[in-house]
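Peer 1: below is the structure, and that's it, no one-letter string:
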């Protein structure tokens, strides 16, 4: 069991829940488990090809999974996964 | 939709925008929410991590975002949105702003023209992913 922290902008898709317990031995499995239980959240996390969206960052603890083994990053009991939306913009 | 903002929080946003000019500044907005009304009590400037032209683009590091969520939780505040500046452009979201915007968040934009404060407006995405303006109410309430 790992815990996923839902960022403020996406909480309306999880009934305002901020933390959720998920099943899975890797980040990929955990995100799939989350998407299965919260289908409205899915389109914000996974693209049509089943890959994590570019605008979404995933951290395990304080580490970006891009610095670990990406979606294959293994999880332990008690791992904390944070979903982090990319924040960007600009004037023109 | 209305966004109440303390004079102190508003002043901090404007000062950050002036000091960062001609680059874009950015930061987080914290406060409380009751129904459709939001009260911004605190703002926190963060570095613009955009690789490239910071005069027309901003980006916030993922780790800074993670810290902001943790800060909100630890201080019993709600992370209500982000602010950024538009140097020499109006305080109206660009298409680039819209495409990158998150649901729920308030996007406060401050316009700086030729190094001087011009306007400050706030925007929020609607269900059709289009920005709608929030009415800004200046609040005397201090944290």
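Peer 2: Arrived safely. As the structure is a prediction and not an experimental result, all values here were calculated from the model.

Peer 1: give the contact list for the residue positioned nearest the centre of chain B.
Peer 2: In chain B, the residue lying closest to the centroid (C-alpha atoms, centre = their mean) is residue B:83, at 1.5 Å. By C-beta atoms under 8 Å, 6 or more residues apart in numbering or on different chains, residue B:83 lies in contact with B:13, B:25, B:26, B:27, B:28, B:29, B:43, B:107, B:108, B:109, B:110. C-beta coordinates here come from the backbone N, C-alpha and C atoms, glycine included.

Peer 1: could you list the low-pLDDT ranges of chain A?
Peer 2: Per-residue confidence for chain A (pLDDT under 70) gives no ranges below the cut-off.

Peer 1: which residues does the spatially most central residue of chain A form beta bridges with?
Peer 2: The centroid of chain A falls nearest to residue A:83 when counting by C-alpha atoms, centre = their mean (4.0 Å). Judged by DSSP bridges, the bridge partners of residue A:83 are residue A:58.

Peer 1: ok so the residue nearest to the centre of chain B is a strand residue?
Peer 2: Yes: checked against DSSP: H, G, I helix; E, B strand; the rest coil, residue B:83 lies within a strand.

Peer 1: the closest residue to it other than its chain neighbours in helix, strand or coil?
Peer 2: Spatially, and ignoring its direct neighbours in sequence, residue B:83 is nearest to residue B:108 (3.8 Å; C-beta to C-beta, 6 or more residues apart in numbering or on different chains). Secondary structure state of residue B:108, per three-state DSSP, is strand.

Peer 1: and residue B:108, how many neighbours?
Peer 2: By the measure other C-beta atoms under 10 Å in any protein chain shown, the count of residues near residue B:108 is 27.

Peer 1: test my guess that it contacts residue B:12.
Peer 2: No: counting by C-beta atoms under 8 Å, residue B:108 does not reach residue B:12; the two are 11.1 Å apart.

Peer 1: the residue nearest to the centre of chain A: what's it in contact with?
Peer 2: Residue A:83 touches A:4, A:5, A:6, A:7, A:10, A:45, A:56, A:57, A:58, counting by C-beta under 8 Å, 6+ apart.
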